[in-house]
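>>> Predicted coordinates and the sequence they were generated for:
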Amino acid sequence: MLVFGTEGLEEALRSLGAVLEARGLSYRLLVAGGSSLLLLGFVDRVTADLDVVGIAEGGGYRRGEPLPVPLVAAVADVARALDLDPRWLNAGPASLVDFGLPEGLADRVTVRRYGGLELHLPGRVDLICFKLYAAADQGPRSKHHADLEALDPTASELLVAARWAVTHDPSAGFRMMLTDSLRLFGVEVSDGDI
């Protein structure tokens, strides 16, 4: 599977935006994951895909899954033209919307336009929430933990992120993994803290 650096990802996004515009289509997508960190300059690593969380609607976001059929077709056409994985843009983390995005996220997004494509990139505090959630689930050797380190969160930001994360997985097992993840960042918590 091909992977993107910043330049390759930007080329794919420009191509997708041009295809959408030529077809008279436009989409406003909230994205997350490594691609967001890459586009915002927080990390300098490769990524395999662009994760769509939601589709902008009014002042908020609805679940990005399933992606609209015309968008999927345009993504596939760009994949063929640029020799990319057909799922280089996908709604893998769309379930994040189900239990609620971090409060105020819509006010913190950075908007990037590529023809008929408008990307909403989460703010740093929102990325900390998403990455702590994923790092706690996948452990300290995961790319999510490395991404979280790159975001250089403060103790208070990590506590905010932890409180958000447990709204998505309130299980005792996840709380234990979350506590372990926080400890790796020098944050000690008790049961009442999260």
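Yes, it's here. Numbering: from 1, shown residues only.
>>> could you give me the average pLDDT of the longest helix belonging to the chain?
Using DSSP state H, we find that the single longest helix of the chain is helix 6-22. What helix 6-22 shows for mean pLDDT is 97.
>>> And stretch 37-51, by the same measure?
For stretch 37-51, the mean pLDDT works out to 93.
>>> May I have it exported as CSV, CA atoms only?
Presented in CSV, the C-alpha positions along stretch 37-51 are these (Å, rounded to 0.1, in the frame of the first residue of the first chain):
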residue,chain,number,x,y,z
LEU,A,37,-1.4,16.1,12.1
LEU,A,38,0.6,16.0,8.9
LEU,A,39,-1.4,18.7,7.2
LEU,A,40,-1.2,20.9,10.3
GLY,A,41,2.5,20.4,10.6
PHE,A,42,2.5,18.7,14.0
VAL,A,43,4.2,15.6,12.6
ASP,A,44,6.5,14.7,9.8
ARG,A,45,5.8,11.1,9.0
VAL,A,46,4.0,9.2,6.4
THR,A,47,0.4,8.0,6.6
ALA,A,48,-1.6,5.5,4.6
ASP,A,49,-5.0,7.3,4.4
LEU,A,50,-7.2,10.3,5.3
ASP,A,51,-9.7,9.5,8.0
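>>> Any buried residues in that stretch, and which?
Using 16 or more other Cβ atoms under 10 Å as the burial criterion, the residues of stretch 37-51 that qualify are 37-40, 42-43, 47-51. Quick note: C-beta positions are derived from backbone N, CA and C, even for glycine.
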